[in-house]
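Undergrad: Starting from these lines, generate the structure:
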Amino acid sequence: MKSMIIKSAVALIAALPLFTACQGEPEVGTLLHPEEQPSNAPKVYINEVSAPANATQATVVQTPAGFVVPEDTYEFYVRITTPVENDVVVTVAEDTEAAAAGAAAYGADKNSALAPGCMAIENNTVTIPAGKNVSAEPVKFKVTDSEAIRNVSGKAIAAIKITDVKSASKVAVGKDHNAYYTLLDKKVTNFKGFSDDLLTKTKLTAADLTYTFQEEDYTEKLMDTYTSTWADMYAGPEPIYCEFKTPQPLIGVAYQYGYDAPYGPYTLEIFTSNDGQNWTSQTGGALETGYTDGVVCINFYSAITCKYVKFIPYTCYYGYFFGEEYNQTCVGELYMFK
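TA: Sure, this is the predicted structure:
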């Protein structure tokens, strides 16, 4: 009996190395090892400390003249947690799933994730040189006009993700921080900018139009070149109406403060109409024009043929910063250009 116990113990001890070897390298997918374990290899990742992190913001504009995407080139670098002895070649590509997964972190709807084709990547591979922890050059890309972007309503999100790494050294893609996001905001507007080039266009005269404010004719007061005569909105925002004698191809509007510069319009909206009843905003909502004692030029992308214009200053400088009690906008001059 004692001999049998000794033999059994010897057999068990002999089997331990084999059991340990099997236990140390179980096959992936088995009950002993249902998921692949994380690698201890240096990780390739993206970590741009912009605000918001690992993301850029871009505005695309739907105008009557067409669709406008920003001309800017955006960029980000790829990094590695620990430098390795060999070059690391990193490949990136647009990724809808990454965009959807990252949407919540940036306050976007996962359903607004954009399909590939919205970003034009100039260089989809970059190299992290041996011994370095950042790519020698950034990944560069632009927002491109695409059907997906044209169909966006409001905000959307796109992602460029690390899809592959190659190196003679052992490296891996980081589980987190492996994508760079573009937060898109689509605006529908005809507002192009504040360029003084508008002043080179044809300015309509009192023979072409009539201004009405509080049901009174203000044409002379608003076109006399003096800021000492004005339409005052001491009781709060009120519209100034313009009626053309015949429909005009409006390409922009210019104005100047009345009384004193801090009372000049600071935020405003411009509407046009063919019948004086149905109005279309040309500024895509309230437009912040800022503080100035000079003439403010509001340029349109495309001329809009209309019979009526409604100019509504919502706040003056004082009202914008100090509250409703101080919101007493004064418009001294108002000009229409075609």
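Undergrad: For Q248, give me its contacts.
TA: Shown in contact with Q248 (Cβ atoms under 8 Å, 6 or more residues apart in numbering): 204, 208-209, 305-307, 336, 338. C-betas here are computed from N, CA, C, even on glycine.
Undergrad: Return a ChimeraX selection command for the buried portion of these.
TA: With 16 or more other Cβ atoms under 10 Å as the burial test, the buried ones among these are selected in ChimeraX as follows:
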select :204,209,306,307,336
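Undergrad: CSV please, covering the contacts of Q248 and showing secondary structure.
TA: Shown next, in CSV, are the contacts of Q248 (DSSP: H, G, I helix; E, B strand; the rest coil):
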residue, secondary structure
L204, coil
D208, coil
L209, strand
T305, strand
C306, strand
K307, strand
M336, strand
K338, coil
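Undergrad: Same list (the contacts of Q248) but as JSON lines, adding distance to E48 and pLDDT.
TA: Output for those, formatted as JSON lines (distance: Cβ to Cβ, whole Å; pLDDT from 0 to 100):
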{"residue": "L204", "distance to E48": "49", "pLDDT": "98"}
{"residue": "D208", "distance to E48": "53", "pLDDT": "98"}
{"residue": "L209", "distance to E48": "51", "pLDDT": "98"}
{"residue": "T305", "distance to E48": "46", "pLDDT": "97"}
{"residue": "C306", "distance to E48": "45", "pLDDT": "98"}
{"residue": "K307", "distance to E48": "50", "pLDDT": "98"}
{"residue": "M336", "distance to E48": "45", "pLDDT": "98"}
{"residue": "K338", "distance to E48": "46", "pLDDT": "98"}
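Undergrad: Now flag whichever of the contacts of Q248 is closest to C330.
TA: Lowest distance from C330 to the contacts of Q248 (Cβ to Cβ) belongs to M336, with 19.2 Å.
Undergrad: got the contact list for the closest residue to that closest one other than its chain neighbours?
TA: The spatially closest residue to M336, leaving aside those adjacent along the chain, is L204, at 4.5 Å (Cβ to Cβ, 6 or more residues apart in numbering). Contacts of L204 were listed using Cβ under 8 Å, 6+ apart, and they are 244, 248, 335-338.
Undergrad: Looking at the residues you listed, which is nearest K161?
TA: Among these, and counting by Cβ to Cβ, the member closest to K161 is F337, at 47.1 Å.
Undergrad: Isn't that closest one up against T200?
TA: No. Counting by Cβ atoms under 8 Å, F337 sits too far from T200 to count as a contact (9.1 Å).
Undergrad: Mind checking which of those two has more residues around it?
TA: Shown here are F337 and T200; by other Cβ atoms under 10 Å, F337 has more neighbours (22 against 9).
Undergrad: ok, that one - contacts?
TA: Per Cβ under 8 Å, 6+ apart, neighbours of F337: 198-199, 201-204, 250-254.
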